[in-house]
Structures are given as C-alpha cells and as structure tokens.
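Asker: My questions concern the predicted model and sequence given below.
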Amino acid sequence: MRQRLLWKLLIGHIVPVFAIFTLLTWRAIDQQAAEYFSRLEAQYHVAPGELHRQFLDAVHHHLFWGVLIALALTLLFTYLLTSWVLRPLLQITAITKKVADGNYSERVNAISRYEGGQLAHAFNHMADNLERIERLRKNMVADISHELRTPLTNLRGYLEGLSDAVIAPTPDTYRMLEQEVLRLVSLVEDLQQLAKADAARSYLNFQELSLHQLLEQIMELYRPNYQQKEIEVQWQCDPESDLIIADRDKLLQAIRNLADNAWKYTPCRGTVTITTQRCPEGIKTIFANSGVRIADRDVPYLFERFFRTDRSRSREAGGAGIGLAIVKELIEAHGGTVGAESDEVNTRVWFTLPS
C-alpha cells in the first residue's frame, strides 16, 4: 500500500508539472531566440545561422540537465516528506487489523502536530474507548453470571435437599426460597429498566413539571428506609430551580434511583443533602451523602453498567450496579448531563437538565 500510494503521489503530481514546465520553457526559449536573432539579422545584416544553432543547443543542454537535477531533488525530498506524512496512516492500517481481531492494546506512535498526528491521536482515543468498553463488557458478563449463579445455586441446593427429604419443608425454608426468587426477579427487572432507558430518547413525553415536587414525592416514598437507618435528610432548594421540561415517569425513575443509591451508601445516622440550583447548563440537582470516600480512580466509572467500587460486595449490600447507569441514560435522553465527585466529607452525585 505504502509504495503504491507513494509512487502515485510522486508520479501523478511532480512528473507532469516538470514535463509541462520543461515543454513551455523550451518552446519559450526557442521563440525568444528566433525573434532575437531575426532582429540581429535585420539590424546588422548578419546571417547568424550557426550561432543561432549553437545558442539553442547550449540552452537546451543546460535546461535539460537543470530540469533533470531539479526533478531528482524534488522526488527525493517529496519521497521523504510523503513517507513522514504517511507513517501514521501505515501504522493505523496495521493496528486496525489487530483491533479487528480483538487486540486493543496497540497504539499509533505519532509525534506530528499536523493532520497525520491529529488522526493518530484520534485513532488512539478511539482504541482507548474500545478497550475500555471491551473490558466493561467482559466485567458485565462476569457480573451477570455471578448475580445469577448465587441465587440459582441456593435454589438448586435447597430444592435438592427438599427432594431428598434432607431439609424439612418449613415456612422459613419456603420464605428463603421466595427471597432467592425475588432476587432473580429484581435483577431481571433492573436489566429491563436499563434496556428501556437505552430506548428512552424515542419515547419521551415532555411537559412542564415541578422538580421540587418530584423530589419530595420520591423522598416521601423512601422515608421509612431513611428512618430505619436514622439518616437525616436536608434540603437546599433554590426557588428559581423548580420548573423544568421533562418526561415525568422517566425523571421520577432517575430520581428514585438516586434516592435509593444515597440510602444504600449512607451509614446509619448519616446525612443526605438534596440541592437544586440554577447553573449555566440549566437546573442542577445534587444528592450528597456522608460515608466512605470513593477512590478517585473509581469515580469516572460510577455511571458504567454493572460497575461497583467493591467487586466483592454482595447484591444485598448494594445491588448489581445498574442504578446509576439507568440515571445516565435517562438524563442524557433529556439532553442533560450527569456527574459525581467524592471527598472525605461526602459523595455528590448530580444531574443537570436544560432549562
């Protein structure tokens, strides 16, 4: 590819230019020489036939070799320059084949700041994202398998015990089996909600809503949960940040997931602060909860599917890691953004909707 493209550029652009230049210059010299010697003959009555021929031979000789040397030097410098320009393209071609085979570790080595280097940097950014997505996909498959394996193993063991009369069919046993089935149902519902969130952009019913009322509605629903852990809920709502244009059901689902997330990760007798405020991007809603700080390396992945800061944590202690991913899909479907940050004081998760 490199040689074919390189020679096409060299032959297709440089050789025709030099050929046209040589022919035009050759013809111009012949015409100017003929006119000059014609005037010489008319003025001095001299027949410069041999002198005319010698002059043209000398000019043609120097023109030929001058053009030939210039062409050789131009081809050399153009070859070197074109090779330098094409180097990122050749690397991208080779690495693209590896990426197509599933190897996302290769990167283009480009130091140029111009178009070739910019293309290389864009390609490396794409490869980084593909590698990250592939890693998350593998983690997601492993997490789903783990989430399904635990309740299914428990169900299988107890059902075999009941079948072999090793375990007595008591109400407690049936309640435990019911809880395992509910865990499976909950996981399936989470996956279904995530699928619906992916398609939310096509099914939004926009209307004017009161953001403060929606927040109060969800927090009233979660009041028993917060009271059970003695969590104090504080409100900091700006009156100018109330009215928004959004889909009621989708926004309620996003708020519900944030409220559930704050309840799960706030320790007993902790604090949750709900803030709404206007910002240049629109109206921002913040759920801030006290608790253990999230590592800086984990914060960018909080909204990824099935991501959990503690991969050894059980599902009962924090879920499958889908809640914030659903929030991200639903808010972005509204044209908004999501974000999070964590420090020693609290963890803040927010979303912003256009006003």
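Answerer: On my side now, so go ahead.
Asker: Buried residues of the helix or strand hosting E220, list them for me.
Answerer: For E220, the element it lies in under DSSP states H and E is helix 211-221. Across helix 211-221, burial judged by 16 or more other C-beta atoms under 10 Å covers L211, H212, L214, L215, I218, M219. Using the backbone N, CA and C atoms, a C-beta is placed for each residue, glycine as well.
Asker: Would you reformat those as CSV and include distance to I244?
Answerer: Shown next, in CSV, are the buried residues of helix 211-221 (distance: C-beta to C-beta, whole Å):
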residue, distance to I244
L211, 5
H212, 10
L214, 9
L215, 11
I218, 15
M219, 17
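Asker: Greatest separation within these: which pair is it?
Answerer: L211 and M219 (12.5 Å; C-beta to C-beta).
Asker: helices and strands around the helix holding E220, which ones?
Answerer: With contacts taken as 3 or more C-beta pairs under 8 Å, 6 or more residues apart in numbering; DSSP states H and E, helix 211-221 sits against strand 232-237, helix 248-265, strand 271-279, strand 282-290.
Asker: Residues touching the helix or strand just after it, excluding its own?
Answerer: Later in the chain than helix 211-221, the nearest helix or strand by DSSP H and E is helix 223-228. Helix 223-228 is contacted by residues M219, V233, W263, V272 when judged by C-beta atoms under 8 Å, 6 or more residues apart in numbering.
Asker: Also stretch 163-174?
Answerer: Y158, E160, G161, L162.
Asker: The contacts of helix 223-228 into CSV, with extra columns for distance to T78 and pLDDT?
Answerer: Below are these laid out as CSV (distance: C-beta to C-beta, whole Å; pLDDT from 0 to 100):
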residue, distance to T78, pLDDT
M219, 70, 92
V233, 71, 92
W263, 68, 91
V272, 67, 94
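Asker: for those residues, which one is nearest E131?
Answerer: W263 (34.6 Å).
Asker: Report the angle between the helix or strand hosting I331 and strand 282-290.
Answerer: Secondary structure from DSSP H and E places I331 in helix 323-333. Between helix 323-333 and strand 282-290, the angle formed by their directions is 170 degrees, by axes from the mean of the first three to the mean of the last three C-alpha atoms, to 10 degrees.
Asker: Quick one: list the elements packing against helix 323-333.
Answerer: Going by 3+ C-beta pairs under 8 Å, 6+ apart, helix 323-333 lies up against helix 171-198, helix 248-265, strand 337-342, strand 346-353.
Asker: Could the C-alpha coordinates of that helix be exported in PDB?
Answerer: Only the C-alpha atoms of helix 323-333 are listed here, as PDB (Å, rounded to 0.1, in the frame of the first residue of the first chain):
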ATOM      1  CA  GLY A 323     -29.000   2.100  39.100                       C
ATOM      2  CA  LEU A 324     -26.600   5.000  38.100                       C
ATOM      3  CA  ALA A 325     -26.300   3.600  34.600                       C
ATOM      4  CA  ILE A 326     -30.000   4.000  34.200                       C
ATOM      5  CA  VAL A 327     -29.800   7.500  35.600                       C
ATOM      6  CA  LYS A 328     -27.200   8.400  33.000                       C
ATOM      7  CA  GLU A 329     -29.200   7.000  30.100                       C
ATOM      8  CA  LEU A 330     -32.400   8.700  31.200                       C
ATOM      9  CA  ILE A 331     -30.800  12.100  31.900                       C
ATOM     10  CA  GLU A 332     -28.800  12.100  28.600                       C
ATOM     11  CA  ALA A 333     -32.100  11.200  26.800                       C
END
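Asker: Now do it, average pLDDT.
Answerer: Mean pLDDT, helix 323-333: 85.
Asker: Distance from the chain centre to it, please.
Answerer: 16 Å (C-alpha atoms, centre = their mean, to the nearest Å).
Asker: can you give me how far the helix holding E220 is from the chain middle?
Answerer: That offset, for helix 211-221, works out to 33 Å (C-alpha atoms, centre = their mean).
Asker: Could you do stretch 228-243 as well?
Answerer: 33 Å.
Asker: Domain map for the chain?
Answerer: If you go by automatic domain parsing, the domain ranges for the chain are 2-103, 136-198, 206-353.
Asker: Show me what the helix with the most length in the chain is packed against.
Answerer: Determined from DSSP state H, the single longest helix within the chain is helix 49-100. Applying 3+ C-beta pairs under 8 Å, 6+ apart, one finds that helix 49-100 makes contact with helix 2-9, helix 15-44, helix 115-163.
Asker: Comparing these, which yields the minimum mean pLDDT?
Answerer: It's helix 2-9: among these, that one has the lowest mean pLDDT, namely a mean of 55.
Asker: rewinding a little: for A127, find the nearest of the domains of the chain.
Answerer: So among the domains of the chain, domain 2-103 is nearest, using C-beta to C-beta, at 6.3 Å.
Asker: center of this structure, which residue is that?
Answerer: Centroid check for the chain by C-alpha atoms, centre = their mean gives N129 as the closest residue, at 5.5 Å.
Asker: So that one versus L80, what's the distance?
Answerer: N129 sits 34 Å away from L80, going by C-beta to C-beta, to the nearest Å.
Asker: thinking again about what came up before, any of the contacts of stretch 163-174 buried? List them.
Answerer: Y158.
Asker: Let me know the closest of the contacts of stretch 163-174 to D298.
Answerer: Out of these, the member with the shortest distance to D298 (by C-beta to C-beta) is Y158, at 35.6 Å.
Asker: Now do the contacts for the closest one.
Answerer: If you count contacts by C-beta under 8 Å, 6+ apart, then Y158 has I167, T173, M176, L177 around it.
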